[in-house]
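**Q** kindly return the folded structure for what I paste below:
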Amino acid sequence: MADRNNPFGGYDEKNVGRTVQNVTSSMWEPISAGPSLKKDTPVGKKEPQTKKAPSEGGKKASSQKKAQGRRPSGTDVTRDRISEGGKKQPRPQQKAKSTPKDGKKAPSKEKRPVGSKSREPKGKDTRNTDKRQQQARLQREKKRARERAKSQEKVNRQSRQGVSYDEMRSKKSRDTRRKAKIIAVITVLLSLVLVFSFGGIYVYRNGAAVAVINIVGESKYKDKKITETAGLYTGINMLSVREKTVNEAVTKALPYIKDVQVDYQFPDTLTLNITSTQEKILLVNGTGYICLDGDGKILSLKKKKLTDGRFLAEGFEEQKVTVGESFVPSENNKEKYETVREIVAVLEKTGKFAKGTINVSDLKDVSVIYDSRINIYLGDCSRLEAQLEAAINVIGQDEDIINGQTGYIETRYEGQTTFKPGSMKK
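**A** Numbers count the residues shown, from 1 in each chain. Okay, here's the model as predicted:
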């Protein structure tokens, strides 16, 4: 026989021919509401159904059923729709939703489930926080695992090379101490740099005001003119004075000053060491003269011929120049200027010439006039130093020249250096 909960679940021959009531009455208690079956109905047979004319109540029930729609899930159909007599009860009618008179829908009072758009919390979205934390934890574990594997591989490699565990530990400790020392040294150096930097900035902004300016060295310019040209005055910040800037400004505006060195005497004194320059070469430039020092710096432009203590160079083509700048000869004057500089250097080396006139009008027939009375012919200056030394020896040995004679000395031919008294021209 089938179990008590389902009497129709199995087949048993001794139940054949018995009615439903006889079978079920001995197995369970009658239910309060259930399908109404006629007495003496055989087991396994269905009662024939007869069509009944629909009554007015049935029509109303069917129309109400269509209007209501489906019943919500979870309701007990047997208990609600079947009465004790076995008749189906009509479904309860739902109340129609009331709408306001103006035609607008009334606001819904039912609460929406958490997670809908209207109930989402404002601010940061924390719905995936746990997932992100789990991913970060997995990443950290993988990183630690890689580091452990790398460390173990290093240990295994050293062990294969014959390094003991104690040696590895001692080496690791030494490396750690060395790194700590390096970090400490770098920290100290950075601290010192920062201290000096902030100290310098403080001094630059708040201190080192100049109270005294001294000018040391001989110059044809007054001290006030030099300080004004250099842009120096009492009260200026000493750290803002740059020696290169002062030197360029002074040597260009005051060309007879060759060089300026600035001496910083803290806390409030500046000293300018002046080095002057002198005229050495006077170039004939058209109707005027260009005064140059030994370095080729243009000192002045003169209108008068002043040859005392200078070498006068003739034979140049006229060109425009600027005072305070270095002399840059034109293309036609370039070779002539180089020849003049070579002759002046050799004459200064001998110590006999302090002045003279150099004629480079024809570079194949160059001549130098000594003491305005002896003309020395050098030709193309192929043996310039030997020619000038021979001429100076003749001047020192010949009594006629010493006695103030006028003439010329021929040095163009090797081995024939003689003095010819009389005219300066050959």
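
**Q** so where's the protein shaky on pLDDT?
**A** For the chain, applying pLDDT under 70 flags the ranges 1-128, 162-163, 165, 203-207, 305-309, 402.

**Q** where do the helices of it begin and end?
**A** According to DSSP state H, the chain carries its helices in the segments 20-25, 56-68, 77-81, 129-160, 165-206, 223-230, 243-253, 334-350, 384-397, 399-402.

**Q** so which of these is nearest Thr287?
**A** Closest of the helices of the chain to Thr287 is helix 334-350, at 18.5 Å (criterion: Cβ to Cβ). The C-beta positions use only the backbone N, C-alpha and C, and glycine is treated the same way.

**Q** can I get that closest one in CSV, CA atoms only?
**A** Only the C-alpha atoms of helix 334-350 are listed here, as CSV (Å, rounded to 0.1, in the frame of the first residue of the first chain):
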residue,chain,number,x,y,z
LYS,A,334,93.7,92.3,-43.5
GLU,A,335,97.2,91.3,-44.8
LYS,A,336,98.6,94.7,-44.2
TYR,A,337,97.4,94.8,-40.6
GLU,A,338,98.9,91.3,-39.9
THR,A,339,102.3,92.5,-41.3
VAL,A,340,102.2,95.6,-39.1
ARG,A,341,101.5,93.5,-36.0
GLU,A,342,104.5,91.2,-36.8
ILE,A,343,106.9,94.1,-37.3
VAL,A,344,105.8,95.8,-34.0
ALA,A,345,106.2,92.5,-32.1
VAL,A,346,109.8,92.0,-33.4
LEU,A,347,110.8,95.7,-32.8
GLU,A,348,109.5,95.5,-29.2
LYS,A,349,111.5,92.2,-28.7
THR,A,350,114.8,93.9,-29.7
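
**Q** how near is the residue lying closest to Ile236 once chain neighbours are set aside to Ala145?
**A** Using Cβ to Cβ, 6 or more residues apart in numbering and skipping the chain neighbours, the partner closest in space to Ile236 is Val210 (5.0 Å). The gap separating Val210 from Ala145 is 68 Å, by Cβ to Cβ, to the nearest Å.

**Q** kindly report the same for Ser382.
**A** Distance of Ser382 to Ala145, computed by Cβ to Cβ: 88 Å.

**Q** likewise Leu388?
**A** For Leu388, the distance to Ala145 (Cβ to Cβ) stands at 91 Å.

**Q** between the two, which one's more packed in?
**A** Higher neighbour count among Leu388 and Ala145: Leu388, with 22 against 10, using other Cβ atoms under 10 Å.

**Q** quick one, what contacts the spatially closest residue to the more buried one that is not a sequence neighbour?
**A** Using Cβ to Cβ, 6+ apart and skipping the chain neighbours, the partner closest in space to Leu388 is Val346 (5.1 Å). Counting by Cβ atoms under 8 Å, 6 or more residues apart in numbering, Val346 touches Leu384, Glu385, Leu388.

**Q** tell me which of these is nearest to Arg373?
**A** Closest to Arg373 out of the contacts of Val346 is Leu388 (17.1 Å), distances taken as Cβ to Cβ.

**Q** burial of Tyr264, as a residue count?
**A** Number of residues near Tyr264 (other Cβ under 10 Å) recorded here: 14.

**Q** follow-up on the earlier one: can you say which of the helices of the chain is nearest to Leu312?
**A** Leu312 lies closest to helix 334-350 among the helices of the chain, at 10.0 Å (Cβ to Cβ).

**Q** now the closest one: buried residues?
**A** Going by neighbour count (16 or more other Cβ atoms under 10 Å), the buried part of helix 334-350 is Lys336, Tyr337, Thr339, Val340, Ile343, Val344, Val346, Leu347.

**Q** sounds good, over and out.
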